[in-house]
Structure formats: C-alpha cells, structure tokens
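Q: Give me the fold of what follows.
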Amino acid sequence: MKCDVYLSFDGNCEEAMNFYKDIFDGEIPIVMRYKDGPPEYSQPEIENKVMHTTMTFGNGCELKASDDFHMPVIKGSNFHVSIAADDEEQGSAIYYGLLEGGQSTMPFNDVFWGGKFGSVIDKFGVQWMVSAPSNEANS
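A: Predicted coordinates:
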C-alpha cells in the first residue's frame, strides 16, 4: 500500500512545484496541462495551467498536484505535509527552504521526544511539518 499527498492550487501549481523541487532536490517526471486533456476540461484561459503533475524525491516520496478550477480552492488548516528528514542538516535545509516567503508556526528546534522538529506555512499556504533524528541517533 502507498499513500501520496495531492495538493490543489488556484493557478500557481507550476510555480509551487518548482519551488518544492528545488527544496527537496526532486524531479518532475510528469506535467499534464489542461490543453493535453479532453476538450471539455480546457478553456483558453487555463489551457497552459497544470491539470496533473508529480514530483518524486527522497526514497520513494511523491508529491502530486494540480491547478483546480472545478471548485474553489480553500486554504485550510486541516492537513500538514509531514517530512521525515534523514538527518538534522537535511531537516534544517528543508525547513528553512519552505520558510522562504512563508511563516513559522513552530521553530525548527530540539524536541522532547528527541531530534528536531518544526512546522511552517509556506508562501503558497501549504502547511508542513519537518522532523529529523538527532545527530547522536545517526552515529
């Protein structure tokens, strides 16, 4: 079984996914635009927007997304994308990368359960939780 995260954007999906690609050192093997789908799904004003894309990164991770024009995109607080970094250095790089233009909801610091943890709302309104094992756990 596999579970993926699918994000919806209101017109800036490509910008967001390229932002995440840089942070996670990912690859975007799939980009389908509305003009590539059935004619009933595309209008001239959205034909170059993203109907579906997938970014791969890490050890089998996938982040999927689209520009959703079929219903309003409501940025809510009912989800977080949770990232388990391999070590503190990677966790810190991911956290501070996502923080660029965003807002910290919990600083990336030592936590009582061990390692480091932080949460951020990125500049696209997506909520992220980043955790990393302590450096001692990796030695």
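
Q: and the helix or strand encompassing residue 91, what other elements does it pack with?
A: Per DSSP states H and E, residue 91 falls inside helix 88-99. Under the contact definition 3 or more CB pairs under 8 Å, 6 or more residues apart in numbering; DSSP states H and E, helix 88-99 sits against helix 13-24, strand 103-110, strand 116-121, strand 127-132. Where you see a C-beta, it was placed from the backbone N, CA and C, and this is true even at glycine.

Q: Flag the shaky bits of this structure, pLDDT-wise.
A: For the chain, the stretches with pLDDT under 70 are 1, 77-78, 137-139.

Q: coming back round to it: would you format the helices and strands packed on helix 88-99 as TSV with distance to residue 72 and mean neighbour count included?
A: Putting the helices and strands packed on helix 88-99 into TSV (distance: least, CB to CB, whole Å; neighbours: other CB atoms under 10 Å) gives the following:
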stretch	distance to residue 72	mean neighbour count
helix 13-24	15	18
strand 103-110	22	13
strand 116-121	19	21
strand 127-132	19	22
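
Q: any idea how far the residue nearest the centre of the chain is from residue 38?
A: By CA atoms, centre = their mean, the chain has its centre lying nearest to residue 20, at 5.7 Å. Residue 20 is 28 Å from residue 38, where distance means CB to CB, to the nearest Å.

Q: Adding distance to residue 84, write the helices and strands packed on helix 88-99 out as TSV.
A: Shown next, in TSV, are the helices and strands packed on helix 88-99 (distance: least, CB to CB, whole Å):
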stretch	distance to residue 84
helix 13-24	12
strand 103-110	13
strand 116-121	10
strand 127-132	5
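
Q: Nearest approach to residue 65 belongs to which of these?
A: Taking CB to CB, helix 13-24 is the member of these nearest to residue 65, at 5.2 Å.

Q: Mind checking what helix or strand follows that closest one in sequence?
A: Past helix 13-24, the next helix or strand by DSSP H and E is strand 27-33.
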